[in-house]
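Asks: Build me a model from this:
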Amino acid sequence: MKVSKRTEYGLRAIVTLAILSQEGDQAIPLREIAVAEEIPEQFLDQIFALLRREGFVKSVRGPHGGYVLNRPAVDIRMGEVIKALEGTLGPIGCVVDDHPGDFCEKFQSCHTRNVWLRLSDSITKTLQGISLADVMHDEIGV
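Replies: Residues are numbered from 1 along each chain as shown. Got it, this is the predicted structure:
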């Protein structure tokens, strides 16, 4: 599964927001996240607009404004964040579409569809088993 830059940047940014906001329990300016993660601020603004619409973050206006998590990090699952950013967790259209026949007319007789279904289930279970809090506290591997 290949993820978009929006998803890559979005995950890095929400983890950075969670880490920075736990230090002082305050709103974090978007610019601070953009600088810390080396993400273009305009692109990050679009990503955070989506994260806000999906209920992961909320914006705080004013001189000490910025963003805060909308719920505890332990309650935010990586699978739901990726799905919000990417649109799907599935690797191929025949396993994510409500109408798999629109993606491929062979979906009913395709033996390889079971491979994609298993992969999709595995990806979903794994990502839903990882919270934002887990990621915040993971050791950085080299």
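
Asks: Check the offset of the helix or strand hosting Thr124 from the chain's centre.
Replies: According to DSSP states H and E, Thr124 maps onto helix 113-128. The chain centre lies 17 Å from the centre of helix 113-128; the measure is C-alpha atoms, centre = their mean, to the nearest Å.

Asks: Ok, stretch 38-49 next?
Replies: In terms of C-alpha atoms, centre = their mean, the centre of stretch 38-49 is found 14 Å from the chain centre.

Asks: let's have the chain start at 243 instead
Replies: Sure thing, new numbering starts at 243, so read that last one as stretch 280-291.

Asks: Tell me which residues are up against it.
Replies: Identification of contacts with stretch 280-291 by C-beta atoms under 8 Å, 6 or more residues apart in numbering yields 247-248, 251-252, 254-255, 272-273, 275-276, 279, 299, 301, 309, 327. For every residue, glycine as well, the C-beta is placed using N, CA and C.

Asks: again, only using 7 Å
Replies: Residues outside stretch 280-291 that contact it (C-beta atoms under 7 Å, 6 or more residues apart in numbering): 248, 251-252, 255, 272-273, 275-276, 299, 309.
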